[in-house]
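Undergrad: coords please:
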Amino acid sequence: MLIGDDTLACSGWETLQSITEKKVFVFGSGSDDEAYCTQAGWTLAPITEANLIVARGTFTICDGATTVQKNESEENYFEVLKDSLKVAAERKVPMLVCNPDKVRPDEGLPPMPGAIADTYAAIIGDSADELIRRIGKPFPEVYELALSGRDHSKACMVGDALETDVTGGSKFALTTVWVVEDGIHGPFVAQKGGLELGTSAVLKEFNSKKNTYANGRELSPSVVIPHFKW
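TA: Numbering: from 1, shown residues only. Predicted coordinates for the structure are as follows:
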């Protein structure tokens with residue numbers, strides 16, 4: 001994506017293409033974050049110098065000189081995160097989000113890069129759409145790549161998240177399979193009455209929300225199953 005790969009339309013993002021000095025600040029996964037950037041020709045830099053933010057994880061914060069590890073101190077991690085986003089907003093640094101998911105299906109539903117992007121957007125305000133580019137479900141680039149030259153009627157989107165998986169499949173008129181008990185909605189489905197009653201309640205609640213990736217689209221999964229297994 002950082003190279004400007006046409007398959008994911010990053011070469012068409014004028015904000016990215018206008019950057020001449022490739023200095024990047026990274027919210028990382030903790031796995032080869034620096035190599036991910038340097039192999040594409042970018043150099044890690046502090047937020048006061050960076051021309052781009054890459055949000056690819058929620059475990060580390062990397063500026064080339066230091067790496068903040070969430071597993072060493074969550075309090076320090078979130079403090080650095082907050083301060084970095086504030087400085088970035090003042091400088092109007094663009095952000096490339098490599099995984100738009102907002103939570104992951106672990107205990108407590110910890111945040112994913114999409115949540116960082118939402119926080120940044122709230123700080124930026126009206127210009128957020130110009131400065132933040134999300135690549136991945138439910139945004140079109142990955143679907144266009146996967147479905148290129150294929151019959152959409154024979155494709156199926158399977159996932160646990162309404163906001164990313166089901167929304168993305170719905171936007172491309174695919175059959176959507178919502179897996180409810182193994183993912184992020186599982187605890188809420190259980191609280192609201194189990195598979196039949198709970199899924200209806202959770203779906204209704206999601207469809208009533210504003211400011212989701214669905215953008216007002218009313219979701220209705222083609223199939224609802226408790227688990228994804230043979």
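Undergrad: what's the first-to-last distance across stretch 47-57?
TA: 17 Å (C-alpha to C-alpha, to the nearest Å).
Undergrad: now that stretch, how far from the centre of its chain.
TA: Centroid displacement of stretch 47-57 relative to its chain, using C-alpha atoms, centre = their mean, to the nearest Å, is 15 Å.
Undergrad: hmm, who's touching that stretch?
TA: 2, 16, 19, 21-31, 33, 36-37, 42, 45, 63, 84, 87-88, 91, 93-99, 113, 116-117, 120 (C-beta atoms under 8 Å, 6 or more residues apart in numbering). (Each C-beta comes from the backbone N, C-alpha and C, glycine too.)
Undergrad: let me know the secondary structure of the spatially most central residue of the chain.
TA: For the chain, Pro100 is the residue whose C-alpha lies nearest the centre (C-alpha atoms, centre = their mean; 1.0 Å). Recorded secondary structure, Pro100: coil (DSSP: H, G, I helix; E, B strand; the rest coil).
Undergrad: ok, now the one 5 residues further on?
TA: For Pro105, the assignment made with three-state DSSP gives coil.
Undergrad: how many neighbouring residues does Lys210 have?
TA: For Lys210, the count of nearby residues is 7 (other C-beta atoms under 10 Å).
Undergrad: before we move on, what about Gln191?
TA: 11.
Undergrad: list the contacts of it.
TA: Per C-beta under 8 Å, 6+ apart, neighbours of Gln191: Gly198.
Undergrad: just the buried ones among the contacts of stretch 47-57, please.
TA: 2, 16, 22-29, 33, 36-37, 42, 45, 63, 84, 88, 93-99, 113, 116-117, 120 (16 or more other C-beta atoms under 10 Å).
Undergrad: okay, and which of those map to helices?
TA: Leu16, Asp33, Tyr36, Cys37, Ser84, Ala88, Pro113, Ile116, Ala117, Tyr120 (DSSP state H).
Undergrad: can you list these in TSV and add distance to Trp230 and pLDDT?
TA: Supplementary listing: these in TSV, determined by distance: C-beta to C-beta, whole Å; pLDDT from 0 to 100:
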residue	distance to Trp230	pLDDT
Leu16	42	75
Asp33	36	93
Tyr36	34	90
Cys37	39	91
Ser84	44	98
Ala88	46	97
Pro113	31	97
Ile116	36	97
Ala117	35	97
Tyr120	41	97
